[in-house]
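*Asks:* only the shape, not the letters, is given here:
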């Protein structure tokens with residue numbers, strides 16, 4: 001059996017009801033809420049009443065913040081078009097699945113936003129939404145957006161925005177619960193099929209451990225193709241092993257003691273798109289390195305991120321790496337203000 005013919009575990013149709021496939025469920029429910037503006041479907045059809053949403057500004061529980069945020073976003077960018085670039089998924093038992101939905105959005109800011117009045121400017125940004133769906137309802141979601149790119153596109157100064165949001169105390173720590181000891185067996189989305197994609201998922205974890213935790217960038221060619229393309233924060237596109245290595249080290253230079261933990265992983269085979277992987281990760285350390293986000297504070301940080309990978313011949317040929325540098329800057333500035341208040 002070829003790699004693209006690997007059979008999935010049986011998934012009951014109730015998992016993605018009322019649609020015929022996981023991909024159709026994710027794409028259709030997104031369009032019905034965002035394109036058709038059926039915001040009420042969040043409550044009426046697609047989200048569990050006690051849904052947990054983990055994002056760059058902390059964890060929320062329930063539908064009220066989801067409905068409010070969706071309503072405000074549509075009003076802020078009424079001509080926004082979100083292109084569903086890919087859906088990477090795996091079963092989580094017979095009635096559940098985890099999906100990583102990569103969306104690239106473009107539009108014009110003609111309404112008020114949390115950043116200020118309408119700018120009339122064009123914007124582009126990428127997001128990754130990692131959703132756990134059971135019996136046709138989203139019960140938990142880990143979502144990250146390139147919000148730094150959006151703020152710059154709208155003409156705002158990210159440092160001024162970070163200061164204003166920090167003064168309001170907008171950032172809160174994530175409430176992730178028990179973190180997985182072995183995400184190959186069970187991540188934050190639940191137990192994986194024991195026979196799923198043996199080998200490829202192990203290589204994903206080894207890559208993160210070697211490059212991010214052990215700083216073994218002499219081994220980067222073991223995991224990435226020579227001509228790899230990396231799409232990363234601030235809307236940047238980089239190519240080649242040296243640039244991928246430098247981008248990773250640039251992140252670590254501000255947090256030199258940081259360690260990365262893998263929260264969830266899934267591998268997906270597709271007859272046209274080939275083999276892809278999706279990983280949710282958490283970077284934890286102290287802001288004790290370079291002054292990328294203002295003077296270093298020495299205070300702890302946590303950065304929620306997600307990546308999708310395209311694999312060929314066992315190596316990564318393309319990575320989409322999404323994390324919210326604006327929320328990171330707000331978190332750091334908020335810690336600085338709180339520390340100053342305590343000292344005074």
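*Replies:* On my side now, so go ahead. Predicted model only: the values in this text are computed from it and were never measured.

*Asks:* please count neighbours and contacts with C-alpha atoms only from this point.
*Replies:* OK.

*Asks:* tell me where the stretch 51-200 of the chain has helices.
*Replies:* In the stretch 51-200 of the chain, the helices defined using DSSP state H, counting those that start in this stretch lie at 64-76, 147-153, 158-168, 200-208.

*Asks:* and of those, who's closest to residue 329?
*Replies:* Of all the helices of the stretch 51-200 of the chain, it is helix 158-168 that lies closest to residue 329, at 5.9 Å by C-alpha to C-alpha.

*Asks:* check which residues of that closest one are buried.
*Replies:* Within helix 158-168, the residues that count as buried by 16 or more other C-alpha atoms under 10 Å are 158, 161, 162, 163, 164, 165, 166.

*Asks:* which residue packs closest to the third one, ignoring adjacent ones?
*Replies:* The one in question is residue 162. Ranked by C-alpha to C-alpha, 6 or more residues apart in numbering and with sequence neighbours excluded, the top spatial neighbour of residue 162 is residue 330, at 4.5 Å.

*Asks:* sorry, back to before: most tightly packed of the helices of the stretch 51-200 of the chain?
*Replies:* Compared across the helices of the stretch 51-200 of the chain, helix 147-153 shows the largest average neighbour count, a mean of 20 (mean count of other C-alpha atoms under 10 Å).

*Asks:* contacts for that helix?
*Replies:* Contacts with helix 147-153, where a contact means C-alpha atoms under 8 Å, 6 or more residues apart in numbering, come from 115, 121-125, 157-158, 233-235, 324-327.

*Asks:* can you pick the most crowded of the residues you listed?
*Replies:* Per-residue neighbour counts (other C-alpha atoms under 10 Å) across those peak at residue 327, which has 27 neighbours.

*Asks:* now that residue: how far from residue 80?
*Replies:* Distance from residue 327 to residue 80, counting by C-alpha to C-alpha, to the nearest Å: 22 Å.

*Asks:* now do the contacts for residue 249.
*Replies:* If you count contacts by C-alpha under 8 Å, 6+ apart, residue 249 has none.

*Asks:* before we move on, which element is it in?
*Replies:* helix 241-254 (DSSP states H and E).

*Asks:* direction included, what does the very next helix or strand once past that helix pair against?
*Replies:* Downstream of helix 241-254, the next assigned helix or strand under DSSP H and E is strand 259-270. Paired with strand 259-270 in the same sheet, following DSSP bridges, are strand 274-286 (antiparallel).

*Asks:* which other helices and strands contact whichever helix or strand comes after the partner strand?
*Replies:* Using DSSP H and E, the helix or strand that directly follows strand 274-286 along the chain is strand 300-312. Under the contact criterion of 3 or more C-alpha pairs under 8 Å, 6 or more residues apart in numbering; DSSP states H and E, strand 300-312 touches strand 137-145, strand 274-286, strand 315-323, helix 325-343.

*Asks:* tabulate the helices of the stretch 51-200 of the chain (TSV), appending mean pLDDT and distance to residue 319.
*Replies:* Below are the helices of the stretch 51-200 of the chain laid out as TSV (pLDDT from 0 to 100; distance: least, C-alpha to C-alpha, whole Å):
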stretch	mean pLDDT	distance to residue 319
helix 64-76	97	27
helix 147-153	97	18
helix 158-168	96	25
helix 200-208	92	12
